[in-house]
Every structure is written in C-alpha cells, then in structure tokens.
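Enquirer: below is the sequence, then the predicted model.
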Amino acid sequence: MFDNKEKTNLNEMGEFGLIQHLTQTIQLTNESSVKGIGDDAAVLDFKDKKTLISTDLLLENVHFDLRYVPLKHLGYKAIQVNLSDIYAMNGIASQVTISIGVSSKFPLEALEELYAGALIACEKYKVDLVGGDTSTSTQGLVISVTSIGYAEADEIAYRSGAKEGDLLCVSGDLGGAYVGLQILEREKQIYLENPEIQPDLEGKDYIIERQLKPEARKDVVELFRHLHVKPHAMIDVSDGLASEILHICNASNLGCKLYEDKIPIDPMTYETAREFGLDPTVCALSGGEDYELLFTVPQSDYDKVKNQLDISIIGYMTEPAAGQKMISKSGSEHDIVAQGWNAFTKKD
C-alpha cells in the first residue's frame, strides 16, 4: 500500500490534528466556495442556479478490496463515482466533502495516500474539497463522499423526462469495469494460493483502469453545451445498462427498444469476457461501475449526435404498452431484465 518508512499511529494525531494535517494544503478555486474547511459548515453561493447534491458510501470488502485496490486509486475513485451523479443531472460539480471511518490498523501514511488520490481527482475536475469528518471504525475502512454542484433550472436532466420517440444514447463503452474486476479477483485468488506468483495483468491496462480508476463524464456534459443539446432524461451507468434503462423507462412511464448490436463494447472487454466464459453483452447489461452517461434526446438532435465518436445511439423510447425490449443480434426480441451482479454464470 505504501513504502516501508516508519509509520505514524493515528492515535498520535487526534481527530482535529488528523483533519488539519490532511487538509492543510487545500485551496478553494470555485467562486461559489465562500468558506471551506475550518468552520462548523461550509458556505456556498450559487446565486440564481439550482443546487445539486448527491452522496455515496463505499465500504471495505463490500465496494472495494484493499488486497488489490491501491489507496490512491481508491481516493480518486471515491470522488469520481460521486461527481458522476452530478453530471448525470446535466450539472456542473463544484464541491465535495469526504468523511472516513478508519481502524487503528491504518497509519497516517495510508490516509495520506487516500487523500492524495482524492485531491488529484478534485484538481483534475476543478472541484473544491470543503468539508468532511473522521471517525474510528471497527468494520474496516468506510468512505462517504457528498458531491455538490449546480445547473440552470431548464438544463437539469431528470430520469423522468424521456419522451416517446426519443433516441436512447450512451457515452463511451460498457462492461469493461466488470471484466477488469474479474481479472483482479482471479489474480487475488492466485496470490492467496501462492504469494510467490506475481500478478499477470499484461495487456489488460484499459479494463483494469476502468475498474480501479473510472472517469466521470464531465466532458460529455460540456459536449452537450457545445452542441446545444439538452437531454430529455439522463442517468449514469453505475449498476449496469439494463438497470439504468429500466430506471428511465419506469420514471418516464415509457417502453424502449434496445439493439444488442449497437451496445458499445471495447474489443479488450469483449475478448477478455470470452476468456472468462462470460457473455460480453451480459457484462455490459448487468456488470456496473462503468460510470458512463445514458441519456435520451429528441430525434431532431440526430444529426448533432450521430457522428460523435464517443456517443452511441443504441435504441429509442416507445409507448409504455410496447414494454422494455432488447433486439438481439439474431433479431429475436427479449425483455430487458436488471439482473445485477449475481447474474454472471460461465457458459458450458
């Protein structure tokens, strides 16, 4: 996790000393950040814009495994998964708070690594860290991040805003994070059986990074502004494409047609899924943690989005009675089902 230099016990720091140490270099850069860390509450001023707030909880051995997740990557990812929720509302993220519960097994240097990753993400995405909390945990490492952002009232994209006939679109590619997780889990098991064997991750950098170091799609929101496109509905792909499509359909009271051959899957994801005996389409539908943006736009915006290399048109919204359907590569029609993480079974 960190080098072999002498470790600093957290008991030597105390809660306030720890917070001061971890946040002493933070500088506020957003105009909306009036007051950050150092008082009872942060003070933010968004003037006439709507405020967006989202929070996520990450638990050791539930959401991450420290046997293969570097602490710096974990800090970075904790920020990204929260910023993604703000971008999924078609907003701009501007502030975050970080709270951690940590056991005595972690020295100060471990938390410095965690915060270093978080601050790299904040700096990259121009987000201010304005508060948080620390506490003792008896259940391993606990991380809670709250993200704050803003948008004009008429720019916010709700899940409930899709219209019949809308194009169903998604950014980036899907399934890579889940397949990357399979590699990491495989190498963990090999290591546990024989610690002398080094991990074999060669040639799999892209999908490993999709799992360990996801990137929230702020660039897609900025692209919307550039193209003068206002998504009718939007959600981030955190639980798998199928689950997110159903969220939009249910919130908007609509059906949809999804075309399997239009789902964007990177060749490395496809080939590696096959190596594990997994269906690449199922990985995209149910794998999760891709943090891409799924959205609908009116058909009048077709010419604006059709040639964007990082956007795929994967289907369209239908009347409610038509149901939520996927058209397979063979042309057969199937109900879209949110199967979740337990759906993956190896083929015979």
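Expert: Great, that's in hand.
Enquirer: quick one: the strands in the stretch 101-250 of the chain?
Expert: Per DSSP state E, counting those that start in this stretch, the stretch 101-250 of the chain has strands spanning 128-136, 142-151, 167-171, 233-236. These are given in chain order.
Enquirer: distance between the last one and the chain's centre?
Expert: Taking Cα atoms, centre = their mean, to the nearest Å, one finds strand 233-236 lying 13 Å from the centre of the chain it belongs to.
Enquirer: which residues sit against it?
Expert: Contacts to strand 233-236, defined as Cβ atoms under 8 Å, 6 or more residues apart in numbering, come from residues 84-85, 87-90, 157-162, 166, 216-217, 244, 247-248, 251-252, 291-296. The way it works is simple: take the backbone N, C-alpha and C, and place the C-beta from them, glycine included.
Enquirer: what about residue 300, distance to residue 166?
Expert: 10 Å (Cβ to Cβ, to the nearest Å).
Enquirer: ignore what I typed, I meant residue 266.
Expert: Relative to residue 166, residue 266 is positioned 26 Å away (Cβ to Cβ).
Enquirer: who has more neighbours, the two?
Expert: Neighbours per residue, other Cβ atoms under 10 Å: of residue 266 and residue 166, the larger number sits with residue 166, 25 against 19.
Enquirer: who touches the more buried one in this structure?
Expert: 232-233, 296-299, 316-317.
Enquirer: re earlier: of the contacts of strand 233-236, grab the buried ones for PyMOL.
Expert: If you want just the buried ones from these in PyMOL, going by 16 or more other Cβ atoms under 10 Å, the selection is:
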select buried, resi 84+85+87+88+89+90+157+158+159+161+162+166+216+217+244+247+248+252+291+292+293+294+295+296
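Enquirer: quick one: the helices in the stretch 1-150 of the chain?
Expert: Assigned by DSSP state H, counting those that start in this stretch, the stretch 1-150 of the chain shows helices spanning 15-23, 71-87, 108-124.
Enquirer: right, so these: which one is the most enclosed?
Expert: Per-stretch averages of neighbours, counted by mean count of other Cβ atoms under 10 Å, single out helix 71-87 among the helices of the stretch 1-150 of the chain, with a mean of 25.
Enquirer: export whichever helix or strand residue 303 is part of as PDB, just CAs?
Expert: Residue 303 belongs to helix 302-305 when assigned by DSSP states H and E. Provided in PDB are the C-alpha atoms of helix 302-305 (Å, rounded to 0.1, in the frame of the first residue of the first chain):
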ATOM      1  CA  TYR A 302     -29.900  13.000 -34.500                       C
ATOM      2  CA  ASP A 303     -27.600  14.900 -36.800                       C
ATOM      3  CA  LYS A 304     -25.900  16.500 -33.800                       C
ATOM      4  CA  VAL A 305     -25.000  13.200 -32.000                       C
END
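Enquirer: give me the contacts around it.
Expert: Counting by Cβ under 8 Å, 6+ apart, 167, 169, 227-229, 297, 311, 313 sit against helix 302-305.
Enquirer: for the helix or strand following it, packing partners?
Expert: Downstream of helix 302-305, the first helix or strand assigned by DSSP H and E is strand 311-318. Contact analysis of strand 311-318 by 3 or more Cβ pairs under 8 Å, 6 or more residues apart in numbering; DSSP states H and E lists strand 167-171, strand 255-259, helix 302-305 as its packing neighbours.
Enquirer: how far does the shortest one sit from its chain's centre?
Expert: Between the centre of helix 302-305 and the centre of its host chain there is 26 Å, according to Cα atoms, centre = their mean.
Enquirer: what comes up buried for that helix?
Expert: 304-305.
Enquirer: quick one: average confidence on that helix?
Expert: Helix 302-305 comes out with an average pLDDT of 96.
Enquirer: cool, and the first one?
Expert: In this model, strand 167-171 carries a mean pLDDT of 98.
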